[in-house]
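J.: Predicted model, plus sequence, below.
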Amino acid sequence: MPTIIPIEDPEDPRIAAYRDVRERDLVGRDGQFIAEGAVVVRSLVEAERHRALSLLIADKRVEALAPLLAKLPEGTPVYTAGQAVLDRIVGFALHRGILALGEKAPMPSVADLLAGTGARARVVMLFGIGNHDNLGGIFRNAAAFGADGVILDSGCCDPLYRKAIRVSVGATLLVPTARLEAGEDPLALLDRAGFQAVALSPAGAEPLSALAPPPRAALLFGSEGPGLPPALLAGSRTVRIPMTGSFDSLNVATTSGIVLHHFAADPEQSR
């Protein structure tokens, strides 16, 4: 069982990592991150890669959260405080009443992530996704439709930023993730691993509904507005989602959900 530690002073040095959460998030946490809410914290506790270092919860929630707390490694600190003290510690009204401090696991290389997939696989590859809501939504879709991993370029924001984790409902803690290193050619990496690159673009050469998903596919998505770089589009199979009227694009998280559903619904993919 974890160690329950009551906190009465918001300045207690033992909970320094939880103090002024929003400001600390902006500065960065040197290999650590904050998870917020019972569902997200449960994902952290059950994650195989990342590790919960401690929890901070409202004392009124200890009993209700007992089944979750029982899953923590023995000796994990669980700090508890009254609601007023809790709000002063984190710097805002913590309605969910539960935070956890997590330790980031090392990311695998892109090559290792791709090599670890099966004969039939699909990964999501993202370029320039700088909005945490969009990134979290894409990870949530990736988890929901069984993607084997998410690959980020250097222009993508941190999937373990608190808001991205929350929007993903904990999926950023669970879906295997890798980041392209400087100078790595994404199309060459995919080709060596036997993946076909499928790039989403309003000007795609074929409609999504006509696409028979290849056995090993990488689904490429770019930021809203600029989209994917021309070089990536030129080296990929380009696909579009037809729309009515003058609309020619969707929110990137919405697009990812439609595309991942199309791949998940393919009978060959589900065998």
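T.: That came through, no problem. Numbers count the residues shown, from 1 in each chain.
J.: immediately after whichever strand or helix holds residue 140, which helix or strand?
T.: If you go by DSSP states H and E, residue 140 is part of helix 132-144. Later in the chain than helix 132-144, the nearest helix or strand by DSSP H and E is strand 149-152.
J.: quick one: average confidence on that next one?
T.: When pLDDT is averaged along strand 149-152, the result is 98.
J.: For residue 153, see how far away residue 182 is.
T.: From residue 182 across to residue 153, the span is 10 Å (CB to CB, to the nearest Å). In this view, the C-beta of every residue, glycine as well, is placed from N, C-alpha and C.
J.: Neighbour count: those two, which is higher?
T.: The residue with more neighbours, out of residue 182 and residue 153, is residue 153; 18 against 5, by other CB atoms under 10 Å.
J.: Hmm, that one is touching residue 179, no?
T.: Yes: if you go by CB atoms under 8 Å, residue 153 and residue 179 touch, sitting 7.4 Å apart.
J.: Point out the other helices and strands that the helix holding residue 140 packs with.
T.: strand 121-127, strand 149-152, helix 162-167, helix 252-265 (3 or more CB pairs under 8 Å, 6 or more residues apart in numbering; DSSP states H and E).
J.: tell me the angle of it relative to helix 252-265?
T.: Here helix 132-144 runs at 10 degrees with respect to helix 252-265, directions being taken by axes from the mean of the first three to the mean of the last three CA atoms, to 10 degrees.
J.: what does helix 132-144 contact?
T.: Helix 132-144 is contacted from outside by 124, 126, 129, 147, 149-150, 156-157, 159, 161, 163-169, 171-172, 174-175, 221, 224, 251-254, 256-257, 260, using CB atoms under 8 Å, 6 or more residues apart in numbering.
J.: Buried ones only from those, please, as a ChimeraX command.
T.: Paste this into ChimeraX to select the buried members of the contacts of helix 132-144, with burial taken from 16 or more other CB atoms under 10 Å:
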select :124,126,129,147,149,150,156,157,159,161,163,164,165,166,167,168,169,171,172,174,175,221,224,252,253,256,257,260
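J.: Which stretches in this structure count as strands?
T.: Applying DSSP state E to the chain gives strands spanning 3-6, 32-36, 51-58, 77-81, 98-103, 121-127, 149-152, 177-179, 196-200, 206-207, 216-222, 237-240.
J.: Identify whichever of those strands lies nearest to residue 90.
T.: With CB to CB as the measure, strand 98-103 is the member of these nearest residue 90 (6.8 Å).
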